[in-house]
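# Give the three-dimensional model of this entry:
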Amino acid sequence: MMRQYELVERVQKYKPDANEALLNKAYVYAMQKHGKQKRASGDPYISHPLEVAAILTEMHLDESTIAVALLHDTIEDTTATRAEIDELFGEDIGRLVEGLTKLKRLDLVSKKAKQAENLRKLLLAISDDVRVLLVKLADRLHNMRTLEHMRDDKRARISEETMEIYAPLAGRMGMQDMREELEDLSFRYMNPEAYETVTKRLAELSARNENLITKIEDELRDLLIANGLQNAAVKGRQKKPYSVFRKMQSKSLSFEQLSDVYGFRLIVDDIPACYRALGIVHTRWRVVPGRFKDYISTPKQNDYRSIHTTIVGPSRQRIELQIRTRRMHEIAEYGIAAHSLYKDGETGEGGELLSKESNAYSWLRHTIEALAEGDSPEEFLEHTKLELFQDQVFCFTPKGKLIALPRGATPIDFAYAVHTNIGDTTVGAKINGRIMPLVTRLSNGDEVEIIRSGVQVPPAAWEEIVVTGKARAAIRRATRMAIRKQYAGLGHRILERTFERAGKEFSRDILKPALFRLGQKEVEDAIAAVGRGELSSLDVLKAVFPDFKDERTTIKPAADQGWFNMPTASGMMFRLPGGEKTAAKPAGEAGGPEPLPIRGLASNLEVRFSPSGAVPGDRIVGIMEEGTGITIYPIQASALQKFDDQPERWIDVRWDLDEANKSRFAARLVINALNEPGTLAKVAQTIARLDINIRVLTMGRVATDFSELQLEVEVWDLRQLNQLLAQLKELDCISTVKRLYD
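Modelled structure (predicted):
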């Protein structure tokens, strides 16, 4: 176990003026609070925060962050409080420790929403101060290093969680060394057989090629020095087990087919020396075609910069080379921890002042913005995981701005990456000067120009095209807003009519005091809920005017067959014709129709159904017809569009689903079926098995091999009708089946 004095010495090596008293104080406080607590390994618990702090010293972090590492479990696992830490160590350290305390373990075996909420808390804490991430990753790394002491089930869960969340997050923050170690440790417990096999084969390869790495290092170094790069350093290594396994899986290769198991880093003084080194190496050894990438001129989104090339080098081995400066190497190893976020005033190789916020941290902030755009925690989790794992493509705006996107991104993703409003109004795109379909997959170096329209609303189908979480969330939000606007228009007309019948005047302002009672946040939400049928207009009326008396209307059968009387709010009766072919009455027995429960009718008028019919469970609307009474339409009927500009004719009606239904109702279907013997019998048998009656059937040929069947069936309710549609679709003789609303 590391000792406290060793930790202080580590910090003082890279920061001689470090506050030693703060580190000692944090250690003593943590040791006292954790007391006799033990880890699963049997070691004193204090060994864990000490090792976490030691990992952070490798990143040369300041003493405040090291103190946070020593204290990070005190509030969660001991009697320590935030107020006590604030008083002893200051509010800055107290805030960071509390931020870490709020982070619960991400439990992959729990409900997905819980995992998503925990990830949400993690990213929100990180967005406030990136040091939370650094401590959390170091904490996870030490836990993974000591995972053998845990039960098998916990090892599997923690390893999966690390592979899915923490390793890719470390990668997106540019911390590649930490990512590789987290992946290897997770791989060891997630797939122990594969891990053992790959590790054994790598050991055998290393034994066969003993001293090969040293030999190649020496030859490369001598070559660079001989050509004027006196300070060049060369570091070689054999690739890690998980990196090898992933390549074997992704490219369907055996271990023997792998040709680039070795990688070498050429580290030079400045950017011009990088390109000189590249020319020297390419002049000496053959280049493998298609294996060159320049991440210096086009850095990765996590600030990674380097030149990648693969050559057939000494001993005719295929080897990967990464050429970079010392500053680039530091960022490649430690990522955001090596950035000037904590090193004010530092300059880059070209003398330029380094940015105060890294691209990696900028990506994190953009991800946090998506928190407010997703439909649910599960969607946020899906989007974040997707973007954590995706490789990147780099595209440009016409003005030369670089936009980094996940591989497989489309111009729609590009538009939303530039700005949400640009994405919402996109109608087309030019890629490299040519108009291309919006489904085109973008490639590295593409210049993308977005064509916009001020009246465009993003189609819901775009959600299946895009790959970025930001684009998906924005499309869903825009679709919801468009639907809400549509339903709000309907709801507004229904409320106007309901308030008018009650002798009241409707306005949006009158709803504001009643929003709490209605369970809605905004006036527009309440109005849209009425339009969708989720909220009764009468309930809204009673919420606004609590003294209003709720008057319900129920359709009941008359004594004479073919008609039934309907009581109104005034107590009068009117007659509803029952012999309509279009299901103007429920399909009952010979003695007359059963009760038909409907709420919301309060006029002494005749009532009939539209030709499309309606069944209990449908969202229905009443339209006042001049001289004929009220016609009931299902909300999907396109015939309703002709009444959009006549709000005074709309009546809010609903099925009273609390009443027992003893009647059948007519619905119309159209079926496209194979024109072969037995088709009609299969359709009829399916309908009969569900206790559904065929009222009308017409059949005609629409093509050589297909016929169209139009049926009017009698069902109890929407659930039974949907069950019929589902079973008809499963028949091998059926091409399409759908319900007709007009």
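# Do a quick rundown of the helices in the stretch 301-450 of the chain.
Taking DSSP state H, counting those that start in this stretch as the test, the helices found in the stretch 301-450 of the chain are 326-334, 359-369, 377-389, 411-418, 420-424.
# any idea which of the ones you listed scores lowest on pLDDT?
When those are ranked by mean pLDDT, helix 377-389 comes last with a mean of 53.
# what mean pLDDT would you report for stretch 544-556?
Mean predicted lDDT for stretch 544-556 stands at 60.
# Wait, Q636 touches Y741, no?
Yes. Using CB atoms under 8 Å, Q636 is in contact with Y741, at 4.7 Å. Using the backbone N, CA and C atoms, a C-beta is placed for each residue, glycine as well.
# Of these two, give the one with the bigger neighbour count.
Between Q636 and Y741, counted using other CB atoms under 10 Å, the more crowded position is Y741 (20 against 13).
# mean confidence for the top helix by length along the chain?
For the chain, the helix that runs over the most residues, judged by DSSP state H, is helix 469-501. The pLDDT scores in helix 469-501 average 79.
# do stretch 59-71 as well
So the average pLDDT for stretch 59-71 ends up being 88.
# ok, and what's touching that stretch?
If you take CB atoms under 8 Å, 6 or more residues apart in numbering as the criterion, stretch 59-71 is touched by 7, 11, 14-15, 18-19, 22-23, 25-27, 29-30, 49-50, 52-53, 56-57, 80, 85, 89, 92-93, 96-97, 100, 131, 134-135, 138-139, 334, 337-338, 342.
# at 6 Å what do you get?
11, 14, 18-19, 22-23, 26-27, 30, 49, 52-53, 56, 93, 96-97, 131, 135, 334, 337, 342 (CB atoms under 6 Å, 6 or more residues apart in numbering).
# Need the CA coordinates for stretch 494-510. CSV is fine.
Only the C-alpha atoms of stretch 494-510 are listed here, as CSV (Å, rounded to 0.1, in the frame of the first residue of the first chain):
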residue,chain,number,x,y,z
ILE,A,494,-63.5,21.9,-28.4
LEU,A,495,-63.0,24.1,-25.3
GLU,A,496,-64.5,27.1,-27.0
ARG,A,497,-67.6,25.1,-27.8
THR,A,498,-67.8,23.5,-24.3
PHE,A,499,-67.4,26.9,-22.5
GLU,A,500,-70.0,28.4,-24.8
ARG,A,501,-72.6,25.7,-24.1
ALA,A,502,-72.0,26.4,-20.4
GLY,A,503,-72.5,30.1,-20.8
LYS,A,504,-68.8,30.9,-20.2
GLU,A,505,-66.2,32.6,-22.3
PHE,A,506,-63.0,30.7,-23.0
SER,A,507,-59.5,32.2,-23.1
ARG,A,508,-56.0,30.9,-22.6
ASP,A,509,-55.4,33.2,-19.6
ILE,A,510,-58.4,31.7,-17.8
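# Can you tell me what sits against it?
Under CB under 6 Å, 6+ apart, the answer for stretch 494-510 is V523, V530, S537, L541, V544, A602, P647, W650, I651, D652.
# Among those, which lie within helices?
Per DSSP H, the contacts of stretch 494-510 map to helices at V523, V530, S537, L541, V544.
# for the third one, what are its contacts?
If a contact means CB under 6 Å, 6+ apart, then S537 has I494, L495, T498, V530, D652 as its contacts.
# hmm, 8 Å instead?
Per CB under 8 Å, 6+ apart, neighbours of S537: G491, I494, L495, R497, T498, V530, G600, D652.
# if we can go back for a sec, now the contacts of stretch 59-71: which count as buried?
Listed as buried from those are 11, 18, 22-23, 26-27, 30, 49, 52-53, 56, 93, 96-97, 131, 135, 334, 337, 342; burial here means 16 or more other CB atoms under 10 Å.
# re earlier: can you redo the ones in helices among the contacts of stretch 494-510 as TSV with distance to I412?
Below are the ones in helices among the contacts of stretch 494-510 laid out as TSV (distance: CB to CB, whole Å):
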residue	distance to I412
V523	32
V530	33
S537	39
L541	43
V544	43
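# List buried residues within these.
Buried among the ones in helices among the contacts of stretch 494-510 by 16+ other CB under 10 Å: V523, V530, S537, L541, V544.
# Ignoring the adjacent residues along the chain, who's closest to the second one?
If I follow you right, that is V530. Leaving aside its chain neighbours, V530 sits nearest to G491 (3.6 Å; criterion: CB to CB, 6 or more residues apart in numbering).
# Give me the distance between the one you found and R532.
Relative to R532, G491 is positioned 8 Å away (CB to CB, to the nearest Å).
# One more: N143?
Counting by CB to CB, the gap from N143 to R532 is 48 Å.
# These two - which one has more neighbours?
When neighbours are counted by other CB under 10 Å, N143 and R532 differ, and N143 comes out ahead with 20 against 16.
# give me every residue that touches the residue lying closest to that one once chain neighbours are set aside.
Among residues not flanking N143 along the chain, I158 sits closest, at 7.0 Å (CB to CB, 6+ apart). Listed by CB under 8 Å, 6+ apart, the contact partners of I158 are N143, M144, L147, M150, Y189.
# which SSE is the first one in?
This points to N143. helix 131-145 (DSSP states H and E).
# tell me which residues form a beta bridge with R701?
Applying DSSP bridges to R701 yields these beta-bridge partners: S707.
# if I read this right, it contacts E676, doesn't it?
No. R701 is not in contact with E676 according to CB under 8 Å; the separation is 11.9 Å.
# Show me the strands in the stretch 1-150 of the chain, by range?
Using DSSP state E, counting those that start in this stretch, the stretch 1-150 of the chain contains no strands.
# where in it is pLDDT low?
1, 102-129 (pLDDT under 70).
# Let's see that with 50 instead.
For the stretch 1-150 of the chain, the stretches with pLDDT under 50 are 103-111.
# Equivalent analysis for the stretch 151-300 of the chain, please.
Checking the stretch 151-300 of the chain against pLDDT under 50 turns up nothing.
# in it, which spans are strands?
Using DSSP E, counting those that start in this stretch, strands in the stretch 151-300 of the chain cover 233-238, 262-268, 286-287, 293-294.
# Out of the ones you listed, which is closest to R472?
strand 293-294 (28.6 Å; CB to CB).
# got a list of what K15 touches?
Here K15 is in contact with H60, D62, E63 (CB under 8 Å, 6+ apart).
# one more time with 7 Å
D62 (CB atoms under 7 Å, 6 or more residues apart in numbering).
# picking that back up, could I get the strands of the stretch 151-300 of the chain as a markdown table with distance to I465 and mean neighbour count?
As requested, the strands of the stretch 151-300 of the chain are exported to a markdown table (distance: least, CB to CB, whole Å; neighbours: other CB atoms under 10 Å):
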| stretch | distance to I465 | mean neighbour count |
| --- | --- | --- |
| strand 233-238 | 41 | 16 |
| strand 262-268 | 37 | 22 |
| strand 286-287 | 37 | 12 |
| strand 293-294 | 27 | 16 |
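# Let me have those in TSV, extended by distance to G313.
What follows is the strands of the stretch 151-300 of the chain, written out as TSV (distance: least, CB to CB, whole Å):
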stretch	distance to G313
strand 233-238	10
strand 262-268	8
strand 286-287	9
strand 293-294	18
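# Which of the ones you listed sits closest to I734?
The nearest among the strands of the stretch 151-300 of the chain, by CB to CB, is strand 293-294 at 52.2 Å.
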